[in-house]
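K.L.:
just a sequence and a predicted model for now, questions to come.
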Amino acid sequence: MENWESVIVKDFPIIESTETLSKVLPKLKTEKQGIVFDKGKYLGIVTRKNAIKDGINLPEEKVSNLVYKPPMIYLDTPDLDFARCFIESGAHFLPVFDSKEKNKVIGVVYRLDFLKQIVMPYLKGYKVSDFANTKIRTIGPNDTLAKALSSFQELGISKLIVFDKKLKGVVSLSNILTYFLHATQITKSNLQGALVRQVMKEDVITIDKSENISKLIPLFVDKNVSSVIVLDNGELYGIITKTDILEQFVYAMELDVKDSSIQISAKFTGLYRPDIEKKLQQLEKFGDTKNKVFAYYKMGKEKFRGLPLVNCRVRVVSPRKHFNVSVEGWGVEHATELAVQKLKRQMGDVRF
């Protein structure tokens, strides 16, 4: 990474693998994420999302069962690959490793610092409307948290706009985790019994679509938020997240270097990429613009006729529109086909 000295932080939250979530959750509430070690050996990261998504028994579960290992990042990793890793992992920060001692963590780079120091100088002159996701999915204040979580899983997102005739607020996975922080268990029953209005944030941060993109960073920093609601003369227009900006950064840089427009990553080995790329090419050329396609795969433990249950998340980024889905299918090919068909239906409803 270029200019790494300006963004690397050497003081980062450390969590031992033997700790239980009852001890770790207060740290995660403040830091959003920690790096997990087992007697000094790096294992990976743990985030608040890990805890809420799995619906686990909060006080007793060990951190080691929730560890996620993001792609390895080194001091000489190019900015483009660094941005891809942030998008793929969804991490609040990424550990940076010594190029010689491969498992030695020398510091971390926060997503916001990377945006501020590396990404924003590259994107000068753009407006908020160039990045905003206008395909808005909303939820009502009287809907259940179970419905909110179902939407998060279906769409591959972590935040929903709360709307009832007018903008009411925002609800996120973090809001839900905080609400259940002292619960003994997150179950379908208590998710059905709690409403969005009980956990949503009513103090919504907004920006007009005509503003320069540089105006977003102070909002992210000062308000400590990961997304901002975009308005058009006071009316709801869309939403913009740090990931949206990163994806457009990757899109712009890849056009410069003429790199592949399809990016595939998986949390398991043995993925045969040529077949997958062939299916995803349908999305690359869909509409009148050239699109970037990001596909992420995660294998579950369940099997059917020898095929594993695979979670497939696909995001399509065009110069003006963003689309994303999260589906499950038996085997990689089936999951990919489901995602492609679902996205084609979404994209077919929108004029590029």
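P.N.:
It's in.
K.L.:
can you give me the strands in the stretch 151-300 of the chain?
P.N.:
159-163, 167-172, 206-208, 227-232, 235-241, 262-266, 292-304 (DSSP state E, counting those that start in this stretch).
K.L.:
ok, the first one: who's next to it in the sheet?
P.N.:
Here strand 159-163 has these sheet partners by DSSP bridges: strand 138-139 (parallel), strand 167-172 (antiparallel).
K.L.:
the strands of the stretch 151-300 of the chain: lowest mean pLDDT?
P.N.:
Between the strands of the stretch 151-300 of the chain, the one with the least mean pLDDT is strand 262-266; it has a mean of 72.
K.L.:
just so I know, which of the strands of the stretch 151-300 of the chain lies nearest Pro70?
P.N.:
Closest approach to Pro70 among those (Cβ to Cβ): strand 262-266, 10.1 Å. Every residue, glycine included, has its C-beta placed from N, CA and C.
K.L.:
do a quick rundown of the strands in the stretch 1-150 of the chain.
P.N.:
Going by DSSP E, counting those that start in this stretch, the stretch 1-150 of the chain shows strands at 8-9, 14-16, 33-38, 41-47, 73-74, 93-97, 105-110, 138-139.
K.L.:
what residues sit buried inside the fourth one?
P.N.:
Spelled out, it's strand 41-47. Using 16 or more other Cβ atoms under 10 Å as the test for burial, strand 41-47 gives 42-47.
K.L.:
got it, and stretch 169-182?
P.N.:
169-177, 179-180.
K.L.:
just give me how far that stretch sits from the chain centre.
P.N.:
Taking Cα atoms, centre = their mean, to the nearest Å, the mean C-alpha location of stretch 169-182 is offset from the chain mean by 16 Å.
K.L.:
for that stretch, C-alpha coordinates in PDB please.
P.N.:
The C-alpha trace of stretch 169-182 is given here as PDB (Å, rounded to 0.1, in the frame of the first residue of the first chain):
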ATOM      1  CA  GLY A 169     -34.700   6.500  11.200                       C
ATOM      2  CA  VAL A 170     -32.200   3.700  10.500                       C
ATOM      3  CA  VAL A 171     -31.900   0.200  12.000                       C
ATOM      4  CA  SER A 172     -28.700  -1.800  11.800                       C
ATOM      5  CA  LEU A 173     -27.300  -5.100  13.000                       C
ATOM      6  CA  SER A 174     -25.300  -3.100  15.600                       C
ATOM      7  CA  ASN A 175     -28.600  -1.600  17.000                       C
ATOM      8  CA  ILE A 176     -30.000  -5.100  17.400                       C
ATOM      9  CA  LEU A 177     -26.900  -6.400  19.100                       C
ATOM     10  CA  THR A 178     -26.900  -3.500  21.600                       C
ATOM     11  CA  TYR A 179     -30.500  -4.100  22.400                       C
ATOM     12  CA  PHE A 180     -29.900  -7.800  23.200                       C
ATOM     13  CA  LEU A 181     -26.500  -7.200  24.900                       C
ATOM     14  CA  HIS A 182     -27.800  -8.400  28.300                       C
END
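K.L.:
in JSON lines, list the buried residues of stretch 169-182 along with distance to Thr336.
P.N.:
Listed next are those as JSON lines, based on distance: Cβ to Cβ, whole Å:
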{"residue": "Gly169", "distance to Thr336": "35"}
{"residue": "Val170", "distance to Thr336": "31"}
{"residue": "Val171", "distance to Thr336": "30"}
{"residue": "Ser172", "distance to Thr336": "28"}
{"residue": "Leu173", "distance to Thr336": "25"}
{"residue": "Ser174", "distance to Thr336": "30"}
{"residue": "Asn175", "distance to Thr336": "32"}
{"residue": "Ile176", "distance to Thr336": "29"}
{"residue": "Leu177", "distance to Thr336": "31"}
{"residue": "Tyr179", "distance to Thr336": "35"}
{"residue": "Phe180", "distance to Thr336": "34"}
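K.L.:
let me know the closest of the residues you listed to Gln341.
P.N.:
The closest of the buried residues of stretch 169-182, once distances to Gln341 are taken by Cβ to Cβ, is Leu173, at 26.8 Å.
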